[in-house]
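J.: Sharing a model prediction with you, sequence too.
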Amino acid sequence: MGASGCASLGCRCHSRKPSYPSDLTDAEWAVLEGEVRAVMAELVAATGRPMVHDLRAVLDAIGYVARYGIEWRALPVDFPPHEAVYAFFLRWSGRGLPDRLAGRLRGRLRVMAGRGELPTAGCIDTQTVRAAETVGAAVCGYDGGKKLKGQKRHIAVDTLGLPSIGRISTLSRS
């Protein structure tokens, strides 16, 4: 294995060092690594080719695509091959790994703040996003209160302001 941990000998990420603004810092990776590996362990039963590329390099590649909005094929050469990164992304998303990871991290943050791991209360907020004049009526609506043509977006947060991706737990009343 190279410095990055890539087991694929012909891979150009073999000696990759984080160098892009979208890459995880060593401190971020130190926090995420245990959680990511724990969630990945839950997916071991999945069939298919085992992962040979460095997990951090693959996550950095996905972060690069997400941040800069590029095509998968346009990944810089120091990342793993785009086919491998995209295949991992599809499997990762299809099995709910991002939601599980966010839930684990949110739980850790809540416990560090002296709260329970699962939120018991939340708040829902909406925002109207103004649409361009060229957007057709079939894809946007009208907010009568704000007198704006556009689309509404919604977010649910817990009492700490953390996004509630999953469900809010309920307390039983005695």
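T.: Done, it's in.
J.: Residue 123 touches residue 162, doesn't it?
T.: No. Shown here, residue 123 and residue 162 do not form a contact pair, counting by C-beta atoms under 8 Å, at 11.2 Å. To be clear about C-beta, it is placed using only N, CA and C from the backbone, and glycine gets the same treatment.
J.: Neighbour count: the two, which is higher?
T.: residue 162 (18 against 11; other C-beta atoms under 10 Å).
J.: Could you tell me how far the helix or strand bottoming out on mean pLDDT in the chain lies from the centre of the chain?
T.: Lowest by mean pLDDT, DSSP states H and E among the helices and strands of the chain is strand 141-143, with a mean of 75. The chain centre lies 30 Å from the centre of strand 141-143; the measure is C-alpha atoms, centre = their mean, to the nearest Å.
J.: Can you name the residues in contact with that strand?
T.: For strand 141-143, contacts defined as C-beta atoms under 8 Å, 6 or more residues apart in numbering pick out 128, 148-152.
J.: Only the buried residues of it, if you could.
T.: Residues of strand 141-143 classed as buried by neighbour count (16 or more other C-beta atoms under 10 Å): residue 143.
J.: C-terminal to it, what's the next element?
T.: Note on strand 141-143: by DSSP states H and E, the next helix or strand toward the C-terminus is strand 148-158.
J.: ok, and what's touching that next one?
T.: By C-beta under 8 Å, 6+ apart, strand 148-158 touches 106, 110, 119, 121-131, 135, 139-143, 163-164, 168.
J.: try 6 Å this time
T.: The contact list for strand 148-158, computed with C-beta atoms under 6 Å, 6 or more residues apart in numbering, reads 119, 122-131, 140, 142, 163-164.
J.: Looks like residue 23 contacts residue 60 (just checking).
T.: Yes. Assessed by C-beta atoms under 6 Å, residue 23 is found in contact with residue 60 at 4.6 Å.
J.: Compare those two and say which is more crowded by neighbours.
T.: The neighbour comparison of residue 23 against residue 60 (other C-beta under 10 Å) goes to residue 60, with 24 against 21.
J.: still on that earlier bit, in the contacts of strand 148-158, which residue is surrounded by the most others?
T.: For the contacts of strand 148-158, neighbours tallied by other C-beta under 10 Å; top is residue 119, 21 neighbours.
J.: Wait, a helix at it?
T.: No. Residue 119 is assigned coil when assessed by DSSP: H, G, I helix; E, B strand; the rest coil, not a helix.
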